[in-house]
Structures are given as C-alpha cells and as structure tokens.
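1. build me a structure from this.
(one chain, ligands or ions: 1)
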Amino acid sequence: MWDKRSDMVVHEVDPYNAEPPPEAIADLPLTPTDAFYSRNHGPVPDIDGRTWTLRVDGLVGSALDLSLDDLQRRFEPTTVVATLQCAGNRRTGLLAVRDIPGESPWSGGATSTASWTGARLADVLRAAGAEPEETAHVAFEAPDVSRDAHPAQPYGSSIPLAKGLSGEVLLAWQMNDAPLLPVHGAPVRVVVPGYIGARSVKWVQRVTVQAEPSASYFQAVAYRLLPPDADPANQPGRGFALGPVALNSDILRPRDGDTVPAGSTEVSGYAYAGEGRSVTRVDVSCDDGRTWTQADVAEPDGPWAWRLWRSVLDLPEGRHRVTVRAWDTTGASQPESAASLWNPKGYVNNSWARIELRAEAVRRACL
Ligand code: MTE
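-> Presented below is the predicted three-dimensional model:
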C-alpha cells in the first residue's frame, strides 16, 4: 500500500497511517522511502504536478502564483537532510500510563530521516516581498479534507515567519533523490527541519504571511500540549502549540522482548533534538539507570538529522532491562518516566527508552 514495505504497522488504512518496524529504520542515516512512516489526517489527494500551483500571499509586497516549473527554475534547489518526527511518536509509553481515547497507539516508528530537495521557503517569501516581522507567522494550506477536525476541514498549519525566513525550511519536490510520492505530499510539501512533523504540510497549495498563527484545527486545537486535566475536545487556543522537537532518543535494535546470546550484544538507536539544540551525548544503562556508560555516537548528516548511536553490552545469562537517554547542548537530558508527561492527546513522550532482553547461553551443536 502506498509503495510501503509489507511489514509496516498500519494503524489505519484510510486515512493511511503507518509506521515501520524498528529494524527497518535502525542503523541507517537515511530511512528508505518505503520504510518512512506516514501520518495522514485525510485521504491522500491525487494532484497533477502539471496543473498544480502555489499561491503566496498575505503580508507580502505582491502575491505570487507559481507553477511547479516556476518553483524549480526560478529558485535555487537546495538539499537538506532532516528528521521528521510526529508529536505522537512513542505514544504507547503514555498509553501505558493512562488511556488516551481517540488517538492511535503509535510506537517508536513515527520518526524517520530523509534528504529533501526543493526551493527555500525564504527565497520564495522574499520574491513575494515579505519583510522580516518578529511576531508574524507563515501559514500553509493543503487540499486534503480531514474528518478528524471539528468541523471537517482541509489540513493547515503555521510556523513563525522568522523560521520561514531562516533558509532552513523547504518547499520540497524530492525525497531521497526521487520525486515525492503521493503519500508524502507530491508534488510539493513543506519541510520544517527541527519542528514536529505536523508543521511540514504536504500537498501545500497556499502560503500566507499573516499576523496570527494559522486558525486551522491542526494549529489551534490539535498538536497543542494540554495540561493533564484538560478536556481534549474542540477548544481552540487551549494549551500551547507544539513547534520545536524535544530532545529524545530510542533503542531500535534489538527489539523489546528479544532473546540474545549471552555475552556481548550490540544495541543501537538514534537521538534527536529539534530547533536550537543538538545531541551531545547518549548514555546506556543495564541496571535501570543506576549506572550509565557512554554510547558511540555518529556524526549527524547535518544540523537537522538524528544522531545514530551504538553500544556493545556485556550481558550475562538472564533478564536485562536496557535504558537509553540523551543529552543536548543546553545540558538538558530526558525525563526518566512517562508518568509525568501524560497529556490528553498523547504528545511528546521523550522519556527514557527501555527494552527488556533475555540473554541465553549459546548451545553449540555436538559434531
Ligand atoms: N500535511 C497534510 N496536508 N495533511 C496531513 O495529514 N500530516 C502531518 C504532516 N503534514 C499531514 C500533513 C503530520 S501530523 C505529520 S507527522 C507529517 O505530515 C507526516 O509526514 P509523512 O506522512 O510524509 O511522514
């Protein structure tokens, strides 16, 4: 389905919502497109790139209407490696604390990394005569109508104009050196490195500079962090809109519950910190956080990509709980437990990641 691996964990068929098994994204700086998670609030639209246009308007000098050809020829193409992470990644950890009605049980696969090629949003905004304005926003509109929203409405979102003018945000038409697939936003999507995936609007058809954040349900009601006692029903403006991704990390190999040979076992995963921060260290513990050893952390593929880490553990026979936590450039680390993070929509579980392993003595066959 949608050119994905057959072993994707499909939370919903229509709209299509699916995450890869952890081993499909482990140890790879770039996630193969057929394993990249996909999160959709409405049916995937079928848009013809030959007739698609992008409207750029609002607080700009002169509104623009750009075809795909205009976008590709008038603006210098740029490639950025960026990790996308859904705010609902690792929701299962929050569900273990308390139920979250109406939200899918995303595990740790709602995060993936790709190289994205497109025009810089900043260049397009400048061509329309947008001026830097500290408190302004850039809103994005797409045509896919979501019945998750109240009332049903097309998907939309926004980011601060300062981020939009930073040169980091792309209007991308390629993913991993190939044209975008329909399920990932063809012909053109926004890619906002360092921000939760919800801000990277797919099938974008309008970009508006405006004084206020987007009034879309997906900015004003969903993708906001609510206090634990809040009613998650339609209450525009409650809590705060999520933007930059919180420092987080996960163990991708081996899988939770696996049996491994006693002795040395390699454990690996990723760590990622969004806008304004980067990962400086990853620690692994085999005794539930009493003692830690530093993992080997690979250089990232640029400032917006996850950092892959690995650690070789010496596990005697028996059961083990392996825990990981990361640190960022501000000296901050991750919260120990998901219990203190529970919120009514189940966003941002960046607590320590844990897996249980059973180490068994290797029995050699008698020859
Ligand atoms: N854009 C549109 N138009 N419609 C959507 O439903 N989902 C958002 C974002 N952009 C969405 C969208 C969310 S919540 C995420 S996490 C990312 O797209 C997922 O991008 P992907 O499907 O390419 O992985």
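
2. near the ligand, which residues of the stretch 151-300 of the chain are found?
-> Residues of the stretch 151-300 of the chain lying near the ligand by C-beta under 6 Å from any ligand atom: 155, 184, 197, 198, 200, 201, 202, 203. C-beta coordinates here come from the backbone N, C-alpha and C atoms, glycine included.

3. hang on, isn't residue 121 packed against residue 172?
-> No - under the criterion of C-beta atoms under 8 Å, residue 121 makes no contact with residue 172, lying 9.8 Å away.

4. now the common contact residues for the two.
-> Counting by C-beta atoms under 8 Å, 6 or more residues apart in numbering, the contacts common to residue 121 and residue 172 are residue 190.

5. in strands, which of the residues of the stretch 151-300 of the chain next to the ligand fall?
-> Those of these mapping onto strands are residue 155, per DSSP state E.

6. please identify the helix or strand for the closest residue to the ligand within the stretch 251-367 of the chain.
-> Closest approach between the stretch 251-367 of the chain and the ligand, counting by C-beta to the nearest ligand atom: residue 347, at 10.4 Å. Following DSSP states H and E, there is no helix or strand that holds residue 347.

7. strands of the stretch 251-367 of the chain, start to end?
-> All strands of the stretch 251-367 of the chain, identified by DSSP state E, counting those that start in this stretch, fall at 259-261, 263-272, 279-285, 293-294, 296-297, 307-315, 318-328, 353-360.

8. using a markdown table, lay out those strands together with mean neighbour count and mean pLDDT.
-> Below are these laid out as a markdown table (neighbours: other C-beta atoms under 10 Å; pLDDT from 0 to 100):
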| stretch | mean neighbour count | mean pLDDT |
| --- | --- | --- |
| strand 259-261 | 14 | 97 |
| strand 263-272 | 21 | 98 |
| strand 279-285 | 20 | 98 |
| strand 293-294 | 12 | 98 |
| strand 296-297 | 14 | 98 |
| strand 307-315 | 19 | 98 |
| strand 318-328 | 19 | 98 |
| strand 353-360 | 18 | 98 |
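
9. got these as CSV, with distance to residue 241 columns?
-> Below are those laid out as CSV (distance: least, C-beta to C-beta, whole Å):
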stretch, distance to residue 241
strand 259-261, 42
strand 263-272, 20
strand 279-285, 24
strand 293-294, 35
strand 296-297, 31
strand 307-315, 26
strand 318-328, 21
strand 353-360, 26
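
10. check the residue in the chain positioned nearest to the ligand and give its pLDDT.
-> Relative to the ligand, the nearest point of the chain is residue 197 (2.6 Å; C-beta to the nearest ligand atom). For residue 197, the pLDDT comes out at 98.

11. what sits closest to the residue most central in space within the chain if chain neighbours are left out?
-> Central residue of the chain (C-alpha atoms, centre = their mean): residue 85, 1.0 Å from the mean position. Excluding its sequence neighbours, the residue lying closest to residue 85 (C-beta to C-beta, 6 or more residues apart in numbering) is residue 111, at 4.0 Å.

12. break this structure into its domains for me.
-> 9-241, 248-360 (automatic domain parsing).

13. would you mind giving these as TSV with distance to residue 1 added?
-> Listed next are the domains of the chain as TSV, based on distance: least, C-beta to C-beta, whole Å:
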stretch	distance to residue 1
domain 9-241	7
domain 248-360	23
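
14. near the ligand, which residues of the stretch 1-150 of the chain?
-> Within the stretch 1-150 of the chain, the positions near the ligand by C-beta under 6 Å from any ligand atom are 36, 37, 38, 39, 40, 41, 42, 84, 86, 142, 144.

15. among these, name the ones in strands.
-> 84, 142, 144.

16. by neighbours, which of those wins?
-> Counting neighbours by other C-beta atoms under 10 Å, residue 84 leads these with 27 neighbours.

17. what's near enough to touch the residue nearest to it when sequence neighbours are not counted?
-> Closest residue to residue 84 apart from its sequence neighbours, by C-beta to C-beta, 6+ apart: residue 197 at 4.5 Å. Under the criterion of C-beta under 8 Å, 6+ apart, the neighbours of residue 197 are 39, 84, 85, 86, 87, 110.

18. again with residue 170
-> Applying C-beta under 8 Å, 6+ apart, the residues contacting residue 170 are 78, 80, 116, 117, 118, 119, 120, 121, 190, 191.

19. contact partners for the fourth one?
-> If I follow you right, that is residue 117. Listed by C-beta under 8 Å, 6+ apart, the contact set of residue 117 reads 77, 78, 79, 170, 172, 173, 174, 175, 177.

20. who does the third one bridge with?
-> Counting by DSSP bridges, residue 79 is bridged to residue 117.

21. pretty sure it is touching residue 115, no?
-> Yes - shown here, residue 79 and residue 115 form a contact pair, counting by C-beta under 8 Å, at 5.6 Å.
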